[in-house]
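*Asks:* Okay, predicted coordinates and the sequence, questions at the end:
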Amino acid sequence: MARLPRTGVAYRSPDEREVTLAEIVASLGLKPLSKKAEREIRDRLGFALATWDEPYTALQIKDVAGALKAHAKRLDQIAPLGTTVGGQLVRMLAQNPAIGSVEAAHEYLRNFCDGANMMALTCRAAAMSLQARKGQSGRSRYGWYDEFTAVLLDICKHQDRANCRH
């Protein structure tokens, strides 16, 4: 099933309730990391963990397109409000201090209905565009592995620096 590509940045804090990063480093027989190095490694691990252990499943194009179509349908139901119950809405809007008059209420309701119509058209266009997209199925291959390996190499570099000082 086609899924939407991931965008943005994800971060997941390492769970150190059972064992800390410092304890893992010590259990590997490595020298302790400086506070700064430990903070940098923990941050890098957070980004690597987020791509490996994605807390949210990828959005399916079919589901997103379906939701957009459903929103468009609901927005289509707003346009007739101006004619069917417009008088009642105008009176209520006119009582709102931010609107203040019947003329302003008519204008507000007209703009609202026009905006709802525009959003319905846009939702349909977005749904059609998504459905035409050819997405990749399945989980991305080892994208997390590269970042995790880079973190391990950073730990080794910190160890090399520590060995050079002693």
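*Replies:* Received, thanks. Numbering: from 1, shown residues only.
*Asks:* same for the host helix or strand of residue 24, what does it pack against?
*Replies:* Element membership of residue 24 [criterion: DSSP states H and E] is helix 21-27. Counting contacts by 3 or more Cβ pairs under 8 Å, 6 or more residues apart in numbering; DSSP states H and E, helix 21-27 is packed against helix 35-52. Quick note: C-beta positions are derived from backbone N, CA and C, even for glycine.
*Asks:* Have a look at the protein and report the helix or strand with the lowest mean pLDDT.
*Replies:* helix 81-84 (a mean of 67; mean pLDDT, DSSP states H and E).
*Asks:* And the next helix or strand past it?
*Replies:* helix 86-95.
*Asks:* Could you tell me the phi and psi values at residue 100?
*Replies:* Backbone torsions of residue 100, given as degrees, to the nearest 10, read phi 80, psi -20.
*Asks:* for the nearest residue to it once chain neighbours are set aside, what are its contacts?
*Replies:* Of all residues not flanking residue 100 in the chain, residue 94 sits nearest, at 7.0 Å (Cβ to Cβ, 6 or more residues apart in numbering). Residue 94 makes contacts with 100, 101, 102, 104, 105, as judged by Cβ atoms under 8 Å, 6 or more residues apart in numbering.
*Asks:* cool, residue 19 as well?
*Replies:* With Cβ under 8 Å, 6+ apart as the criterion, no residue contacts residue 19.
*Asks:* Can you list the buried residues in the longest helix anywhere in the chain?
*Replies:* Counting by DSSP state H, the longest helix found in the chain is helix 102-132. Judged by neighbour count (16 or more other Cβ atoms under 10 Å), helix 102-132 contains these buried residues: 105-106, 108-109, 112-113, 116, 119-120, 123-124, 126-127, 130.
*Asks:* returning to that earlier point: tell me the two of the contacts of residue 94 that are most distant?
*Replies:* Spatial extent of those (Cβ to Cβ) is set by the pair 100 and 102 at 9.2 Å.
*Asks:* which stretches of this structure have low pLDDT?
*Replies:* 1-10, 52-59, 82-85, 134-145, 161-166 (pLDDT under 70).
*Asks:* Break the protein down into its domains, please.
*Replies:* Domain assignment for the chain by automatic domain parsing gives 21-58+138-165, 61-132.
*Asks:* Please produce a markdown table containing these, extended by distance to residue 15.
*Replies:* Shown next, in a markdown table, are those (distance: least, Cβ to Cβ, whole Å):
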| stretch | distance to residue 15 |
| --- | --- |
| domain 21-58+138-165 | 9 |
| domain 61-132 | 30 |
